[in-house]
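**Student:** what's the 3D shape of this:
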Amino acid sequence: MDEMNWTYEGDPLCQGCESDDLSGCVSVLLPDEECTCYKGSYTRYTEPAWGTALGEDVVNEFMDNVGWKSSDAWRGHYEGKAPEGYTEMIGGWMCGFDNAGTEEVVDFQEVWADNRQCFEGLRMFVAVMPSSNVFSTIVEVYVHDDDVDEFKSILTEGE
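**Tutor:** From the prediction side, this is the model:
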């Protein structure tokens, strides 16, 4: 990411602002590419989605609708909303400890990590978002309505 020139409204970001922005941003992972799209307070990087079946418009629609959900006065997490024509198939959290997290996220992560290529060709994306708990990350998986059955089949085979 060193080669990228991050700007906000045309002005370059200082290194500290860029670093802070990336530490709290929404990341979208695509199955067909070894790439990630980002959205922070100042930055947005969706170029990797341009040439995929998913398309940049879907990624941008998702990122525009991500919001903070408070669980009390100082805690909460970011959550997304399914873009038009997509269904949220998995939603929960995980952390850096072995198999810590909601069951559906842990199960999905195992299949994704071991056999990511089985998702290639599906119009889907994985959203990874911060929470107020520094040890927990929110994970949501969205799949195009026409690819839901195939997605379910892949997860069933991966069990």
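
**Student:** So Lys69 is in contact with Glu79, correct?
**Tutor:** Yes - here Lys69 reaches Glu79: they are 5.0 Å apart, a contact under CB atoms under 8 Å. C-betas here are computed from N, CA, C, even on glycine.

**Student:** of those two, who's got more company?
**Tutor:** Glu79 (17 against 10; other CB atoms under 10 Å).

**Student:** Please list all residues in contact with that one.
**Tutor:** Val66, Gly67, Lys69, Gly91, Met129, Ile138, Glu140 (CB atoms under 8 Å, 6 or more residues apart in numbering).

**Student:** Okay, it and Phe62: tell me how far apart.
**Tutor:** Remark: distance between Glu79 and Phe62 (CB to CB, to the nearest Å) = 11 Å.

**Student:** about what we covered before: of the contacts of Glu79, buried ones?
**Tutor:** Buried members of the contacts of Glu79, scored by 16 or more other CB atoms under 10 Å, are Val66, Gly91, Met129, Ile138, Glu140.

**Student:** The residues you listed: which two are farthest apart?
**Tutor:** In terms of CB to CB, those reach their longest pairwise distance at Val66 and Gly91, which sit 12.8 Å apart.

**Student:** now the longest helix along the chain, how far from the chain's geometric center?
**Tutor:** In the chain, taking DSSP state H as the definition, the longest helix is helix 103-115. Computed by CA atoms, centre = their mean, to the nearest Å, the chain-centroid distance of helix 103-115 equals 14 Å.

**Student:** Show me which residues of that helix are buried.
**Tutor:** In helix 103-115, counting by 16+ other CB under 10 Å, buried: Val105, Val106, Asp107, Phe108, Gln109, Val111, Trp112.

**Student:** For Gly55, state which of those residues is nearest.
**Tutor:** Trp112 (20.8 Å).
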